[in-house]
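Colleague: Generate coordinates for the sequence data below:
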Amino acid sequence: MGFETQDVEQKVLAILDTLLDSREAVGSRIIAKKLKDRGIDLSERAVRYHLKMMDEKGLTRLVGRRDGRVITELGRAELKEAMVTHKVGYALPRIEMLSFRTNFNWEKRTGSIPVNVSFFEKKDFAKALKVMKSVFKADLCASRLVAVAQGGEAIGDLVVPEGKVGFATVCSIVFSGTLLQEGVPIDSKFGGILQIRNRNPVRFVEIIHYAGSSLDPTEIFIRANMTTVSQVVKVGSGRILANYREIPAICKPLAEEVRDKLIDVGIGGVLFIGNVSDPVCEVPIELNRIGVVLIGGLNPVAAVAEAGIIGESHAMSTIMDYQELVNVSEII
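Modeller: Below you'll find the model as predicted:
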């Protein structure tokens, strides 16, 4: 769009991304606050300056007499086509932000947890749900808890497009976020394709490091049809989506306690917690560290893609209140 400097373009993209996540018109004060939550220090005055410039370029539109803005279609296109160098490493800050925003209390069963959101055509949703239910039943997911919303309704911070059905699945980041609340530092390394043989994890056959990716690895693997989740459900062997984390060795007992507490409230997804300095699924690990393998929350949606049903997935999308989720068996 011909921005004066790379720094200005980065700030514009950050503002556009903030507007994209909002369900209604947002003013400069709220934008500045949300940017600060992302680690971008921009004053209200500076935000107003950029918004005025963005209005002139057609990226945003003023709504009402106040300074509330919404993103335009041109703004959405600019955000989607922005320089890849601005997006490199985007996945890692997203994980950290959602981990920080996770405030789930397993004792009270209240609080927010991170979710992935997928959109399906209304006419395809029943078929998609039939495929996904078998994957949920096999526990190839982070949780059997889900949420469904119709066109025009909201899932977390996202609004479902008209004519589509929104489907939320629990994101594996819930484990990272809950560990963080307990004071356990967790290093998110990569997302990958995990080979399963006789229902046991064997090795990662493909990986994408979060720090070097402009997209969530899960979305990339689904679009490339690199999974065989349905095959794993049927015969116990194949390839599924999984994520790899590392924690300090001293934190293993606490990590196992968190895993067990989450299972008690219907949240699983921890496939394997390794031993001190031992490789996990053939991934080497440093001294006094422990590897953790998490099942990808979008495995049910990957199975839908394998069946040829087209959907639009947004990994690590937003957060939802735990009490808004229901068991997938209750969805008709």
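Colleague: give me the low-pLDDT residue ranges for the stretch 101-250 of the chain?
Modeller: Residues of the stretch 101-250 of the chain meeting the criterion pLDDT under 70: 214.
Colleague: Looking at stretch 29-48 now, give me its mean pLDDT.
Modeller: Average pLDDT, stretch 29-48: 83.
Colleague: would you list every one of the strands in the stretch 101-250 of the chain?
Modeller: Assigned by DSSP state E, counting those that start in this stretch, the stretch 101-250 of the chain shows strands spanning 112-121, 145-150, 154-155, 158-159, 164-170, 187-197, 200-209, 238-248.
Colleague: Now render these as a markdown table, adding mean neighbour count and distance to Asn327.
Modeller: The C-beta positions use only the backbone N, C-alpha and C, and glycine is treated the same way. Formatted as a markdown table, the strands of the stretch 101-250 of the chain follow (neighbours: other CB atoms under 10 Å; distance: least, CB to CB, whole Å):
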| stretch | mean neighbour count | distance to Asn327 |
| --- | --- | --- |
| strand 112-121 | 24 | 15 |
| strand 145-150 | 19 | 6 |
| strand 154-155 | 18 | 17 |
| strand 158-159 | 19 | 22 |
| strand 164-170 | 26 | 12 |
| strand 187-197 | 22 | 24 |
| strand 200-209 | 16 | 25 |
| strand 238-248 | 23 | 21 |
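Colleague: could you dump the ones you listed to a markdown table with distance to Ile220?
Modeller: Listed next are the strands of the stretch 101-250 of the chain as a markdown table, based on distance: least, CB to CB, whole Å:
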| stretch | distance to Ile220 |
| --- | --- |
| strand 112-121 | 14 |
| strand 145-150 | 23 |
| strand 154-155 | 22 |
| strand 158-159 | 20 |
| strand 164-170 | 17 |
| strand 187-197 | 8 |
| strand 200-209 | 6 |
| strand 238-248 | 10 |
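Colleague: any idea how far Asn103 lies from Gly311?
Modeller: 29 Å (CB to CB, to the nearest Å).
Colleague: if you count what's nearby, which of these two comes out ahead?
Modeller: Gly311 (18 against 15; other CB atoms under 10 Å).
Colleague: mind checking pLDDT for the more buried one?
Modeller: 90.
Colleague: Could you pull up phi and psi at it?
Modeller: Torsion angles at Gly311 (phi, psi; degrees, to the nearest 10) stand at phi -140, psi 170.
Colleague: got it, and the one 10 residues further on?
Modeller: Summarising the backbone geometry of Asp321 under the convention degrees, to the nearest 10, its torsions are phi -70, psi 130.
Colleague: What sits closest to it if chain neighbours are left out?
Modeller: Ser112 (5.9 Å; CB to CB, 6 or more residues apart in numbering).
Colleague: Please apply the same query to Lys164.
Modeller: Nearest non-adjacent residue to Lys164, counting by CB to CB, 6+ apart: Phe119, 4.6 Å away.
Colleague: go on, Leu20?
Modeller: Among residues not flanking Leu20 along the chain, Ile71 sits closest, at 5.5 Å (CB to CB, 6+ apart).
Colleague: in stretch 175-190, what counts as buried?
Modeller: Neighbour counts over stretch 175-190 (16 or more other CB atoms under 10 Å) mark Phe175, Ser176, Gly177, Thr178, Leu179, Leu180, Val184, Ile186, Ser188, Lys189, Phe190 as buried.
Colleague: Please apply the same query to stretch 318-326.
Modeller: Neighbour counts over stretch 318-326 (16+ other CB under 10 Å) mark Thr318, Ile319, Met320, Tyr322, Leu325 as buried.
Colleague: taking these one by one, which sit in strands?
Modeller: Thr318, Ile319, Met320 (DSSP state E).
Colleague: Wait, the last one touches Asn116, no?
Modeller: Right, Met320. No. If you go by CB atoms under 8 Å, Met320 and Asn116 don't touch, sitting 10.6 Å apart.
Colleague: any shared contact partners between the two?
Modeller: Counting by CB atoms under 8 Å, 6 or more residues apart in numbering, the contacts common to Met320 and Asn116 are Ala168.
Colleague: In the record's domain split, what are the boundaries for this structure?
Modeller: Domain assignment for the chain, taken from automatic domain parsing, gives 6-87, 88-332.
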